[in-house]
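Student: Have a look at this prediction, sequence included:
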Amino acid sequence: MKQTVGMTESLSPLGKLRPAAPRIAPLVDLTEELHVIMGGGINSPAGTPLNIFGTIAHHPKLLKRFMNFAGLFLNKGLLPAREREIVILRVGWNCQSVYEFGQHTVIGQRVGLTMVEIVELTKQSTEHQWSARDRALIAMSDELCADNCVSTTTWEELQAFWNEAELVELVMVAGTYRLVSGFLNTMGVELDADTPGWPE
């Protein structure tokens with residue numbers, strides 16, 4: 001749960017300072033161009049764009065390219081969805097991005113992660129009986145967030161389970177959602193109405 005520090009900042013579960021309110025308000029009234037870029041399926045229950053897209057929408061050309069690039073991982077990627085979500089959730093936790101973690105808590109459950117597993121992704125990996133595949137994903141996510149490089153030991157573990165195209169995608173997923181987490185944190189993007197925050 002976030003703890004308020006002052007008018008403009010709050011603390012994440014690991015004590016990281018985050019904006020307490022949006023620095024740039026998401027757009028709600030969209031131009032025709034933005035309607036075309038966003039298409040359907042990215043709206044909140046209120047019918048407005050999800051806050052992440054409404055915030056990026058201040059830069060329509062970037063939003064268009066972001067939707068195509070990041071959308072590839074969610075809609076046309078090579079990786080099993082459950083494994084992709086382990087990486088995204090672990091990166092979101094490492095980056096202390098409540099928006100990222102909350103959105104992918106919902107997506108993760110939809111593709112097969114249990115709430116117990118999602119909570120365990122906020123802890124040391126040794127505290128849960130992860131499979132060897134899952135442990136490798138968690139180690140990769142931790143190492144990329146800590147040092148911007150996957151160790152030789154972890155790389156060899158990854159190679160035992162995924163082919164070269166999948167390995168490229170794994171690293172790109174982790175890197176992309178690290179970028180997204182930094183954007184969300186910096187902009188102070190607020191949770192959408194139906195999005196959970198950090199697990200209890």
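Tutor: Everything's here; your move. As the structure is a prediction and not an experimental result, all values here were calculated from the model.
Student: how close does the residue of the chain most remote from its centre get to Thr154?
Tutor: Each residue of the chain has a distance to the centre, and by C-alpha atoms, centre = their mean the biggest one is for Glu32: 27.9 Å. Computed as C-beta to C-beta, to the nearest Å, the Glu32 to Thr154 distance reads 47 Å. Where C-beta positions appear, they are placed from N, C-alpha and C, glycine not excepted.
Student: Quick check: longest helix in this protein by residues?
Tutor: Longest helix in the chain, counting residues (DSSP state H): helix 164-187.
Student: what mean pLDDT would you report for that helix?
Tutor: Averaging pLDDT along helix 164-187 gives 98.
Student: what's the spacing between that helix and its chain's center?
Tutor: Centroid separation between helix 164-187 and its chain, computed with C-alpha atoms, centre = their mean, to the nearest Å, is 8 Å.
Student: Ok, stretch 171-190 next?
Tutor: In terms of C-alpha atoms, centre = their mean, the centre of stretch 171-190 is found 6 Å from the chain centre.
Student: Extract the C-alpha set from it and format it as PDB.
Tutor: C-alpha atoms of stretch 171-190 as PDB (Å, rounded to 0.1, in the frame of the first residue of the first chain):
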ATOM      1  CA  VAL A 171      15.000  -9.800 -23.300                       C
ATOM      2  CA  MET A 172      13.000  -7.400 -25.400                       C
ATOM      3  CA  VAL A 173       9.900  -7.900 -23.300                       C
ATOM      4  CA  ALA A 174      11.800  -7.300 -20.100                       C
ATOM      5  CA  GLY A 175      13.500  -4.200 -21.500                       C
ATOM      6  CA  THR A 176      10.300  -2.800 -23.000                       C
ATOM      7  CA  TYR A 177       8.300  -3.200 -19.700                       C
ATOM      8  CA  ARG A 178      11.200  -1.700 -17.800                       C
ATOM      9  CA  LEU A 179      10.900   1.400 -20.100                       C
ATOM     10  CA  VAL A 180       7.200   1.400 -19.600                       C
ATOM     11  CA  SER A 181       7.500   1.200 -15.800                       C
ATOM     12  CA  GLY A 182       9.900   4.100 -15.800                       C
ATOM     13  CA  PHE A 183       7.400   6.100 -17.900                       C
ATOM     14  CA  LEU A 184       4.500   5.200 -15.700                       C
ATOM     15  CA  ASN A 185       6.500   6.100 -12.500                       C
ATOM     16  CA  THR A 186       7.800   9.400 -13.800                       C
ATOM     17  CA  MET A 187       4.500  10.600 -15.200                       C
ATOM     18  CA  GLY A 188       2.600   9.500 -12.000                       C
ATOM     19  CA  VAL A 189       0.100   7.600 -14.100                       C
ATOM     20  CA  GLU A 190      -2.800   6.700 -11.800                       C
END
